[in-house]
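[1] I would like to see how this sequence folds:
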Amino acid sequence: MNTLYTVLTCGLVPLVIGFLWYSPKTLAPLWMKVSGVPEEKLKSGNMPLILGLTYFFGCLISLFMITVVIHQSHVFSIFAGDPASRDANSEIGKYLADFMAKHGQNFRTFKHGAFHGIISSLLYVMPVIAINALFERRGFKYIAIHTGYWLITLAIIGGLMCQFAM
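    This next block holds a predicted model:
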């Protein structure tokens with residue numbers, strides 16, 4: 001699967017996991033309680049807009065996760081400013097082709113990508129949620145609910161991006 005299709009597919013992951021995670025049969029009642037969001041307010045939103053933007057943002061997250069889970073992408077960034085890197089017959093072009101032939105599939109598994117998704121959620125997303133929660137005077141349950149959602153979501157996106165992109 002090429003990168004565009006992988007990104008477009010992974011853009012659906014936040015919607016699917018959100019549907020399951022925040023459903024009335026799972027964490028919605030607890031989330032509404034700790035967030036202070038009444039059911040009436042949830043019914044007042046423009047759902048096509050909310051779902052469309054969630055999909056768009058999911059695609060943006062998937063694009064970003066390429067840089068987190070696919071280590072080979074960093075090799076190209078080192079040479080990005082050098083026009084010779086785009087010439088397959090240049091010394092750099094030959095080096096990059098040889099490097100990718102030898103190492104292009106290293107660490108390109110779902111498991112490896114999921115690992116980086118989990119690490120990203122714990123070391124980046126959780127602190128962001130926690131900082132917001134501190135200033136909003138939210139408690140540990142609020143942080144745990146949202147961190148759990150992103151941990152699963154980023155693990156799946158990371159795994160899929162690592163396995164199938166590029």
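[2] Where does the closest residue in space to V125 that isn't next to it in sequence sit: helix, strand or coil?
    Distances taken as CB to CB, 6 or more residues apart in numbering place W150 nearest to V125, at 4.5 Å, with adjacent residues excluded. From N, CA and C alone the C-beta is placed, and that goes for glycine too. Per DSSP: H, G, I helix; E, B strand; the rest coil, the secondary structure class of W150 is helix.
[3] what's the pLDDT at W150?
    W150 carries a pLDDT value of 98.
[4] For it, the count of nearby residues, please.
    Neighbourhood size, W150 [other CB atoms under 10 Å]: 24.
[5] thinking it is in contact with Y124, fair?
    No. Judged on CB atoms under 8 Å, W150 makes no contact with Y124 at a distance of 9.3 Å.
[6] Which parts of the chain belong to which domain?
    For the chain, automatic domain parsing gives the domain ranges 3-71+108-164, 80-106.
[7] Highest mean neighbour count out of those domains?
    domain 3-71+108-164 (a mean of 16; mean count of other CB atoms under 10 Å).
[8] Can you measure across that one, start residue to end residue?
    Across its full length, domain 3-71+108-164 reaches 7 Å between end residues, using CA to CA, to the nearest Å.
[9] Centre of the chain to it, how far?
    Averaging C-alpha positions (CA atoms, centre = their mean, to the nearest Å) puts domain 3-71+108-164 8 Å from its chain's average.
[10] got the contact list for the residue nearest to V125?
    Contacts for W150 (CB atoms under 8 Å, 6 or more residues apart in numbering) come out as S121, V125, M126, I129.
[11] Now that the first one has come up, it's in contact with I156, right?
    In this case it means S121. No. Judged on CB under 8 Å, S121 makes no contact with I156 at a distance of 10.9 Å.
[12] In the protein, where is pLDDT below threshold?
    Scanning the chain with the threshold set as pLDDT under 70 gives 1.
[13] Swap in 50 and give it another go.
    Nowhere does the chain drop to pLDDT under 50.
[14] just the helices in it please.
    Here the chain has its helices, by DSSP state H, at 3-10, 13-21, 28-35, 39-43, 47-69, 72-78, 91-103, 110-120, 126-136, 140-164.
[15] These: which one's closest to A84?
    Closest to A84 of the helices of the chain, according to CB to CB: helix 91-103, at 4.6 Å.
[16] which residues sit against stretch 38-55?
    Contacts to stretch 38-55, defined as CB under 8 Å, 6+ apart, come from residues G11, L12, P14, L15, G18, M32.
[17] Please consider this matter closed, and thank you.
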